[in-house]
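Sequence below, structure please.
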Amino acid sequence: MAIHTEAAMTLFGTTLDGQQIAGLVGLLAVLAFWLFAYRGERSAIQNFRAWEAARKSRKDAEDGVKPEGTSGPGTGPWG
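Predicted coordinates:
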C-alpha cells in the first residue's frame, strides 16, 4: 500500500504543483471579490438614480411643472 505525500492535481491533462494550485485559488478569490465589488457599485448607482429621479419629481411638484408625457395629444383609442 503506497501513500502519496505530493499534492498533485491535473487540469486538462496538465499536472499542477502546489504553487500553481495556490495561484489558481488566489485568482478565483480575486475574481469573486471583484464580482462582489461590482455588484455593490451597480447597486449604489441604481440607488443614486432612483434618489435623483425622486428629487426631480418632488422639485417639479413644488414648482407646479406638469410631467412631460401628458402635455401632448393622447395616442390611445379615445384620443
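
Against residue 27, how distant is the residue nearest in space to the middle of the chain?
For the chain, the residue nearest the mean C-alpha position is residue 39 (3.1 Å; CA atoms, centre = their mean). Using CB to CB, to the nearest Å, residue 39 is found at 19 Å from residue 27. For every residue, glycine as well, the C-beta is placed using N, CA and C.

returning to that earlier point: SS state for the residue nearest to the centre of the chain?
Of the three states, residue 39 takes helix under DSSP: H, G, I helix; E, B strand; the rest coil.

now swap in the one 10 residues further on and tell me
Local secondary structure at residue 49 is given as helix here, using three-state DSSP.

So it versus residue 59, what's the distance?
Distance of residue 49 to residue 59, computed by CB to CB: 16 Å.

do residue 14 as well
With distances taken as CB to CB, residue 14 is found 62 Å from residue 59.

what's downstream of the least confident helix or strand in the chain by mean pLDDT, the next helix or strand?
Using mean pLDDT, DSSP states H and E, strand 9-11 stands out as the lowest-scoring helix or strand of the chain, at a mean of 78. Next helix or strand after strand 9-11 toward the C-terminus (DSSP states H and E): strand 14-16.

what is the mean pLDDT for stretch 52-67?
Model confidence over stretch 52-67, given as mean pLDDT, is 86.

Please write out the alpha-carbon positions of it in PDB.
Extracted in PDB, the C-alpha atoms of stretch 52-67 (Å, rounded to 0.1, in the frame of the first residue of the first chain):
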ATOM      1  CA  GLU A  52     -32.200  61.700  -8.200                       C
ATOM      2  CA  ALA A  53     -35.500  60.900 -10.000                       C
ATOM      3  CA  ALA A  54     -37.500  61.200  -6.800                       C
ATOM      4  CA  ARG A  55     -35.800  64.500  -6.000                       C
ATOM      5  CA  LYS A  56     -36.600  65.800  -9.500                       C
ATOM      6  CA  SER A  57     -40.200  64.800  -9.300                       C
ATOM      7  CA  ARG A  58     -40.500  66.500  -5.800                       C
ATOM      8  CA  LYS A  59     -39.000  69.700  -7.200                       C
ATOM      9  CA  ASP A  60     -41.300  69.600 -10.200                       C
ATOM     10  CA  ALA A  61     -44.300  69.100  -8.000                       C
ATOM     11  CA  GLU A  62     -43.300  72.000  -5.800                       C
ATOM     12  CA  ASP A  63     -42.700  74.300  -8.800                       C
ATOM     13  CA  GLY A  64     -46.000  73.200 -10.400                       C
ATOM     14  CA  VAL A  65     -44.400  71.700 -13.500                       C
ATOM     15  CA  LYS A  66     -46.500  69.200 -15.400                       C
ATOM     16  CA  PRO A  67     -44.900  65.800 -16.300                       C
END
